[in-house]
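1. The sequence and its predicted three-dimensional model are supplied below.
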Amino acid sequence: SQDPLNDPNLSTRWKLIYTDSEEILGTKRPRGFRPNDEIYQTIDASNGKAKNEETVPLFGVLNVLNSVEATIRTEPPRRVQVKFEQFGIGGALKVKAPPSARGWLDITYLDRDMRISRGNKNHVFVLVRDD
């Protein structure tokens, strides 16, 4: 899209299929606390909201849903400022995010089925539409 921030395809549920971010992949977490392949991001650009979700197979026995809710603000032509507001652990415990939990993404490619972004830590994110 030539104008990804105003493209209606931006606001949907996306499934992460590739990233080089160790933080997102949880590669430094103990093995029983790493997310499986189910990492999603839901964007509601018109209301300035986003939510990331991951499923962690806790000790390989119990699937636990973790999430982080964020407010987003678009900065044309391609940047999205992200301020994380609240972490959800196991669907029950809510923890307020620290003020330093913020960053940005530049949307480098967007169509109906795929989104590619690069973040403020220079990581790449490739997501496909999940509907």
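-> All right, it came through fine. Please read these numbers as outputs of a predicted model, since none were measured by experiment.
2. Now do residue 76: how many residues are near it, please.
-> By the criterion of other CB atoms under 10 Å, residue 76 has 9 neighbours. Yep, even glycine has a C-beta here, placed from its N, CA and C like the rest.
3. I meant residue 86, not that one.
-> Number of residues near residue 86 (other CB under 10 Å) recorded here: 14.
4. likewise residue 45?
-> Neighbour count of residue 45, defined by other CB under 10 Å: 19.
5. Excluding chain neighbours, what is closest to it?
-> In space, and not counting its chain neighbours, residue 45 is closest to residue 11: 4.7 Å by CB to CB, 6 or more residues apart in numbering.
6. Next up, the contacts around that neighbour.
-> Residue 11 is in contact with 43-46, counting by CB atoms under 8 Å, 6 or more residues apart in numbering.
7. and after the least confident helix or strand in the chain by mean pLDDT, which helix or strand comes next?
-> Across the helices and strands of the chain, mean pLDDT, DSSP states H and E gives its lowest value to helix 22-25, namely a mean of 83. Counting by DSSP states H and E, the next helix or strand C-terminal to helix 22-25 is strand 39-44.
8. gap between the helix or strand following that following strand and the chain center?
-> Following strand 39-44 in sequence order, the next helix or strand is strand 49-58 (DSSP H and E). Offset of strand 49-58 from its chain centre (CA atoms, centre = their mean, to the nearest Å): 8 Å.
9. Run through the neighbouring helices and strands of strand 49-58.
-> If you count contacts as 3 or more CB pairs under 8 Å, 6 or more residues apart in numbering; DSSP states H and E, strand 49-58 packs onto strand 39-44, strand 62-75.
10. ok, back up a step: name the residues that touch the least confident helix or strand of the chain?
-> Helix 22-25 is contacted by residues 16, 19, 28, 34-35, 39, 123, 125 when judged by CB under 8 Å, 6+ apart.
11. If anything else comes up later, I'll come back, but that's it for now.
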